[in-house]
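>>> how does the following fold in three dimensions:
(one chain, ligands or ions: 2)
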Amino acid sequence: MLTVLAGGVGAARFLRGLLRVVPPERVTAVVNVGDDVTLHGLRICPDLDSITYTLAGLVHPVQQWGRADERFTVRDELTRLGDAPWFTLGDRDLALHLHRTGRLAAGATLSAVTADVARAHGLGLTLLPVTDDPVTTRIRTVDGRDLHFQEWWVRERAGADVAAVTFAGADAATPAPGVVEALATAEAVLVAPSNPVVSIGPVLAVPGVTAALAATPAPVVGVSPVIGGRVVRGMADRLLPAVGAVTSAAGVARWYGARRDGGLLDGWVIDTADAADLAELADLPLRTAATDTLMDDPDVAAALARTCLAVAGVTP
Ligand code: GDP
Ligand code: CA
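Ligands and ions are numbered 1, 2, ... in the order given. Down below sits the predicted model:
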């Protein structure tokens with residue numbers, strides 16, 4: 001089993017490449033839930049849905065979340081009612097949210113609903129939320145406010161400077177069924193090029209996950225979300241400084257740390273644009289490689305997945 005630690009868009013693009021290289025039955029994604037939020041009474045799981053829609057070929061090709069073929073009748077009606085919805089859910093997307101919210105209200109776990117939704121979309125990989133318990137990424141702003149991640153990112157468009165990031169509920173959370181096993185029995189663990197702070201961070205914050213990663217005999221190989229010293233998209237560059245990390249391919253590797261020094265990684269794959277960073281990493285016990293990592297083209301994503309497997313010493 002190849003187990004991938006995953007956020008949303010970066011992870012979805014990486015998984016699309018990996019699934020061109022290995023059969024889906026060999027892939028498990030352990031997905032962030034820290035961005036999940038309840039609005040209009042609906043449970044919204046952006047990272048799980050970005051992955052599902054991308055792998056099912058339904059994702060909006062430009063924004064890379066939500067559905068390609070979408071209408072906004074409900075949003076427009078809410079606006080007419082004076083609701084000013086700041087988080088856009090299209091009509092088709094709403095069906096998934098109604099389904100999930102109804103199942104959860106009837107007592108199903110998030111992991112059970114996620115598995116069924118993945119199957120309904122024809123996906124063959126195993127998609128696991130890291131936990132079935134509520135874990136919420138909170139942003140403490142420099143101006144002294146405590147915001148849900150989505151309030152800071154979507155409602156306020158990351159306007160406020162960040163003092164600290166916390167994961168409410170993480171201490172009391174337990175890994176979802178299958179998560180610890182997927183790490184313990186993996187051939188390799190791959191860390192997707194996802195936001196280190198708010199995508200991989202909440203996954204690592206669930207008690208038991210870090211211990212399982214430390215103990216697994218599998219190599220742990222990550223991909224840099226930084227290309228040419230910049231985040232490709234998203235707001236990792238607004239958050240990395242708040243956790244004391246440098247926004248560079250070497251900076252993120254150093255923040256994750258080498259497993260032999262008590263950190264996360266055995267291997268680190270960076271973009272050729274950052275090849276100079278390899279010298280900065282020479283003192284860390286890491287296997288490294290530099291290759292094309294901009295995954296706009298699924299063939300590039302597939303080649304990147306092959307490089308990750310080579311660094312991990314795993315045959316495709
Ligand atoms: P989100 O939850 O939708 O924000 O998605 P993720 O956390 O999975 O991914 C966001 C991160 O992915 C950002 O830091 C991006 O820089 C990175 N990313 C997105 N696309 C690519 C890509 O094609 N290549 C690489 N190397 N990183 C990417
Ligand atoms: Ca996300």
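>>> residues near the residue in the stretch 201-316 of the chain positioned nearest to ligand 2, how many?
Using C-beta to the ion, the point where the stretch 201-316 of the chain gets nearest to ligand 2 is Gly234, with a distance of 7.9 Å. For glycine as for every other residue, the C-beta is placed from the backbone atoms N, C-alpha and C. By the other C-beta atoms under 10 Å criterion, the neighbourhood of Gly234 contains 19 residues.
>>> check which helix or strand it maps to.
Following DSSP states H and E, there is no helix or strand that holds Gly234.
>>> need the contact list for it.
Applying C-beta atoms under 8 Å, 6 or more residues apart in numbering, one finds that Gly234 lies in contact with Val9, Gly10, Asn195.
>>> quick one: the helices in the stretch 151-300 of the chain?
Taking DSSP state H, counting those that start in this stretch as the criterion, the stretch 151-300 of the chain carries its helices at 179-184, 201-205, 209-215, 236-239, 249-256, 277-280, 298-312.
>>> which one of these lies closest to Thr73?
Each of the helices of the stretch 151-300 of the chain has some distance to Thr73 by C-beta to C-beta; the shortest is helix 298-312, at 31.9 Å.
>>> got the residues of the stretch 201-316 of the chain near ligand 2?
Taking C-beta under 5 Å from the ion as the criterion, ligand 2 has no neighbours within the stretch 201-316 of the chain.
>>> need the residues of the stretch 201-316 of the chain near ligand 1, please.
By the rule C-beta under 6 Å from any ligand atom, the part of the stretch 201-316 of the chain lying against ligand 1 is Val223, Ser224, Pro225, Ile227, Val231, Val232, Arg233, Gly234, Ala236, Thr293, Leu294, Met295.
>>> separation between the residue lying closest to the fourth one once chain neighbours are set aside and His97?
Spatial nearest neighbour of Ile227, chain neighbours left out: Asp271 (4.4 Å); criterion: C-beta to C-beta, 6 or more residues apart in numbering. When C-beta to C-beta, to the nearest Å is the yardstick, Asp271 and His97 sit 35 Å from each other.
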